[in-house]
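Student: the following comprises the amino acid sequence and a computationally predicted model.
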Amino acid sequence: MDRMSTEDRPVAPRSLAEALRARGDAALGALLRSRPDLITPVPTDLTQLATRAGTRASVVRALERLDRFTLQTAEALAVAADPAAYDELLGLMAGDAADPAVVAALPHALDTLREQALVWGGDDRLRLVRTARELLAPSPQHPSPTGLGPTVQEATAGMSPGRIQEIVTTAGLPSTHDSVSAVTALAGLFGDRRRMAALLAQAPADSLEVLERLVWGPPYGQVTADPAPRLRWLLDRGLLLPTAPGTVVLPREVALHLRRGLAHRAPEPVPPAVEAAAVHRPQVVDSTAAGQAYTALATVEELLKDWDEGGPAVLRAGGLSVRDLKRTAVALDVPEPVAAFWVELAYAAGLIASDGEADERYAATPAYDEWREQPPAERWSVLVTAWLAATRTAGLVGGRDAKDRTLSALGPGLDRSAAPEVRHRVLALLAALPEGAAPDPESVLARLRWERPLRGARPEDDLRGRLARWTLSEAELLGVTGRGALSAHGRALLGAPAAVPKDRPAESSGPGDKLPVHHHRPAPLTPLSPAEQAVASAAAARVLAPLLPEPLDHVLLQADLTAVAPGPLERPLADMLGVLADVESKGGATVYRFTPGSVRRALDSGQTASDLHAFLAAHSRTPVPQPLSYLIDDVARRHGQLRVGAASAYVRCDDDAMLGEILADKRAAGLGLRRLAPTVLAAQADPAGLLEGLRAMGFAPAAESAEGDVLITRALARRTPPRSAPEPVPDGPPVPDDTLLAAALRAIRAGDLASTTPRKPGTAPAADGELPRTGSAETLATMQAAVLTGEALWIGYVNAEGAASQRVIAPIRVEGGFVTAYDHTADEVRTFPLHRITGVAELADDAG
């Protein structure tokens, strides 16, 4: 790309504010979109916008969002002259060899820095914002990422004039009359490739070795009071300069000569490619992902079913205890980190919350009941939508916070505002691969580090890298990916629907196989808005729905008192079977086992033996095995023979021999039983304890009411009051939408017009930013005169909220204590109360 010539360029701006003032609305809008913190709140004018763009917090945030090459460009400008010409910057980035990739990429990087107001000025006078230069320029306390040290001028700032003249003379330069010209001559020598090469050709080999060790940084070294000859040779010629007692530095000009002009050892103009580690047929990927999506739904349902009667207690500091997390992991048959993920996902989706009671516990929310009634694909859509937007990060559970406290599931301290952006970016990188291609995780991490190098400058602080790894594993758990590759519904979730390729290659397992060419719209680079994500999630659900298995209405009963569900079951069947039998194993098929305890549980819930026989006969594809029928009849025959009521508690039975058997059993000693009548025993234990004790002894007692009726025991579902899902913690101010952006630009332009419009001599305020001050009579007279002449005026105005502003108006009518005028700053006709106008001033005749 050809850079603009000096003759074609307009007058160079003298400040960042002037550079912003020369921009059009589209360029200003791009700045505010890339740095939304600049309009929170909206600046009064462009001068305030420029000031805010140069604050340390805003500049740091902007630098953190630069990719590696753009950041390297800013770092090169920080060690270049201020201002610097484009050719100087190009030399620092491309070196003497003029790397073609760097030459091609540099204009875009510079345009990005200009767009974000980190650099301003034309190509002949490029200026890095002062705060950015302070952050990136080298200093002894904060070495530059370039590894360069101070310039000759900076390094010799405290050196005596005599010593400077000695260095100049030893270096082969003529002595000068002052230190300034001597330092200039020395810097000129070091910056001249030909003369510098001749000087270094005279250097001893061991002296050159010293320079080689310092050339790529850090540029500082330690010396003794009596330096070795190899160091003395360098010190005498200024190739090393002292900065403190015992410390020397390699001047920047010397290092650049040794580096052949490069500011960075390895400029990275091209982002590292995301490589495919394996390739699978898209149908295999989609079916695998769909199967995992259904497993995800079943896991969340099992979690909530486990907590249906009231989940674990809430810790005093909030969250789950380690013991409760372990118990949940055992119940779900998953590792503890995976259990923490499912718990956090259900919480993010608004399906569980604290009940808010005195003995605070976690329980399902009313939203869970609504969620269960939705079709499977829509339930999956709810989960993944919540996952994409959640800032709570399950991967941190078990770690330590800044105060060395353990981070617990559902507890505080798990929010990481970068999580949604990283999740979306990882999935977008997967979407850029051909369909069916699973990425190499290390190449994904390398790409993320290139895109945001400052967010993971140290390995121990590489939160983005950890978030990316968690994203890859969580996406597989949720069924967004299958076998590591992004599924068709995963692409739809990102707003990038998958296309059907012309041909499908055979299954392969290596990156060397030929990949099919697919034509699909690429995924957006930034997360979608809530409205856009809702549309994309609905589309993903439609893509997933045909891939999910249809619920079955039958099971296969076997003679070993088990039932096999060859797939997902319809909800009424699954609920009833969950009461009548215990789950023995899960997988592609679920195995249920019938036991005396599980049959008794069904009878306790109000079912009769005939009900159970009819249920099994209706839902089994195989005949009901005789052992199962015998088991049901046997448990039903004994069920309720013993009746337990409240005395404190009693047991009654028509068979007095059975009561005698109970009294004789040593295991009944703890129940405190005594015979009141031939068919009645009294107990010191409460009814619930008595029921459990008798069941432990092998009996099948039933609870009865005061009227003598059998009590039907059903588990009571516990629900919290209505709760909303936790709000994500934003990563800074949100990107403004088009409406807000247009309003902000209009306000900034209006304020800038009012603050920069020329006034007539003698009418300007005493200081910049002050409102004009005139008396009521003068204000009224000036307004009436302007109505007759049609001139524009500059006024100060305080609105009903007390906010002061400057405006340029053209009065149309003055009456009843109000002035009706065309407001140039708002571009509309408005009415102003005269008592709210602080003063008025006439504009200069040449004011536009």
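Tutor: Arrived safely, thanks for sending.
Student: any idea which helix or strand in this protein has the lowest mean pLDDT?
Tutor: One helix or strand of the chain scores below all others by mean pLDDT, DSSP states H and E: strand 643-645, with a mean of 62.
Student: list the beta-bridge partners for the residue nearest to T595 when sequence neighbours are not counted.
Tutor: Excluding its sequence neighbours, the residue lying closest to T595 (CB to CB, 6 or more residues apart in numbering) is D582, at 6.3 Å. To be clear about C-beta, it is placed using only N, CA and C from the backbone, and glycine gets the same treatment. Assessed by DSSP bridges, D582 has beta-bridge partners R593.
Student: tell me the contacts of D582?
Tutor: If a contact means CB atoms under 8 Å, 6 or more residues apart in numbering, then D582 has 592-593, 595, 597-598 as its contacts.
Student: now which of the residues you listed would you call buried?
Tutor: Neighbour counting by 16 or more other CB atoms under 10 Å classes 592, 598 among these as buried.
Student: can you tell me which two in the contacts of D582 are farthest apart?
Tutor: Y592 and G597 (13.3 Å; CB to CB).
Student: buried residues in the lengthiest helix in the chain?
Tutor: Ranked by residue count, the top helix of the chain under DSSP state H comes out as helix 282-306. Of the residues in helix 282-306, 282, 285-297, 299-305 count as buried by neighbour count, 16+ other CB under 10 Å.
Student: beyond that helix, next helix or strand please.
Tutor: Using DSSP states H and E, the next helix or strand after helix 282-306 towards the C-terminus is helix 322-332.
Student: following element in sequence after the longest strand belonging to the chain, please.
Tutor: Longest strand in the chain by number of residues (criterion: DSSP state E): strand 804-815. Downstream of strand 804-815, the first helix or strand assigned by DSSP H and E is strand 818-823.
Student: quick check: P269 touching H108?
Tutor: No - the pair P269 / H108 is not scored as a contact, 9.2 Å apart, by CB atoms under 8 Å.
Student: which one of those two is surrounded by more residues?
Tutor: Counted by other CB atoms under 10 Å, P269 and H108 do not tie: P269 has more neighbours, with 21 against 14.
Student: so which strand or helix has the residue lying closest to the more buried one once chain neighbours are set aside?
Tutor: Nearest residue to P269, sequence neighbours excluded (CB to CB, 6+ apart): A105, at 3.6 Å. Using DSSP H and E, A105 maps to helix 100-115.
Student: and that helix, what other elements does it pack with?
Tutor: helix 25-34, helix 68-79, helix 86-94, strand 119-120 (3 or more CB pairs under 8 Å, 6 or more residues apart in numbering; DSSP states H and E).
Student: only the buried residues of the next helix or strand after the first one, if you could.
Tutor: The C-terminal neighbour of helix 25-34 among helices and strands, as given by DSSP H and E, is helix 46-53. Of the residues in helix 46-53, those scored as buried under the neighbour-count criterion (16+ other CB under 10 Å) are 46-50, 52-53.
Student: what about dumping the CA coordinates of helix 46-53 to PDB?
Tutor: What follows is helix 46-53, C-alpha atoms only, in PDB (Å, rounded to 0.1, in the frame of the first residue of the first chain):
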ATOM      1  CA  LEU A  46     -13.300  16.600  21.200                       C
ATOM      2  CA  THR A  47     -10.700  18.100  23.400                       C
ATOM      3  CA  GLN A  48     -12.100  16.200  26.400                       C
ATOM      4  CA  LEU A  49     -12.200  13.100  24.200                       C
ATOM      5  CA  ALA A  50      -8.500  13.400  23.400                       C
ATOM      6  CA  THR A  51      -7.600  14.000  27.000                       C
ATOM      7  CA  ARG A  52      -9.600  10.900  28.000                       C
ATOM      8  CA  ALA A  53      -7.900   8.900  25.200                       C
END
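Student: now the angle from that helix to helix 25-34?
Tutor: Per axes from the mean of the first three to the mean of the last three CA atoms, to 10 degrees, the angle that helix 46-53 makes with helix 25-34 is 30 degrees.
Student: got the contact list for helix 46-53?
Tutor: So helix 46-53 is contacted by 15-17, 19-21, 31, 35, 38, 43, 58-59, 117, 129, 748, 751-752, 755 (CB under 8 Å, 6+ apart).
Student: same thing but at 6 Å, please
Tutor: 16-17, 20-21, 38, 43, 117, 752 (CB atoms under 6 Å, 6 or more residues apart in numbering).
Student: closest one of these to V624?
Tutor: L38 (73.2 Å).
Student: residues in contact with the residue of the chain most remote from its centre?
Tutor: Most distant residue from the mean C-alpha position of the chain: P678, 72.2 Å away (CA atoms, centre = their mean). For P678, the contacting residues are D656, by CB under 6 Å, 6+ apart.
Student: hey, where'd the strands end up in the stretch 101-250 of the chain?
Tutor: 119-120, 127-128, 220-222, 241-244, 247-249 (DSSP state E, counting those that start in this stretch).
Student: parallel or antiparallel, which strands does the first one pair with?
Tutor: This means strand 119-120. strand 127-128 (antiparallel).
Student: what's the answer for the third one, then?
Tutor: Taking DSSP bridges as the criterion, strand 220-222 pairs within the sheet with strand 247-249 (antiparallel).
Student: buried residues, the strand it pairs with. List them.
Tutor: Those would be 248-249, for strand 247-249 by 16+ other CB under 10 Å.
Student: please apply the same query to stretch 313-326.
Tutor: 314, 319-320, 324-325.
Student: how about stretch 27-35?
Tutor: Buried, per 16+ other CB under 10 Å, within stretch 27-35: 28-33, 35.
Student: which of those sits closest to L528?
Tutor: So of the buried residues of stretch 27-35, ranked by how close each gets to L528 (CB to CB), first place is R33, at 15.2 Å.
Student: check the gap between that closest one and V119 for me.
Tutor: Distance of R33 to V119, computed by CB to CB, to the nearest Å: 18 Å.
Student: what helices and strands are in contact with the one helix or strand R61 maps to?
Tutor: Taking DSSP H and E as the definition, R61 sits inside helix 56-64. Judged by 3 or more CB pairs under 6 Å, 6 or more residues apart in numbering; DSSP states H and E, helix 56-64 is in contact with helix 130-136.
Student: let's see 10 Å
Tutor: Contacting helix 56-64 under the criterion 3 or more CB pairs under 10 Å, 6 or more residues apart in numbering; DSSP states H and E are the following elements: helix 46-53, helix 68-79, helix 130-136.
Student: for those helices, give me CSV that also has distance to Y220.
Tutor: Listed next are these as CSV, based on distance: least, CB to CB, whole Å:
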stretch, distance to Y220
helix 46-53, 33
helix 68-79, 15
helix 130-136, 18
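Student: quick one: which of the ones you listed is nearest T779?
Tutor: helix 46-53 (26.4 Å).
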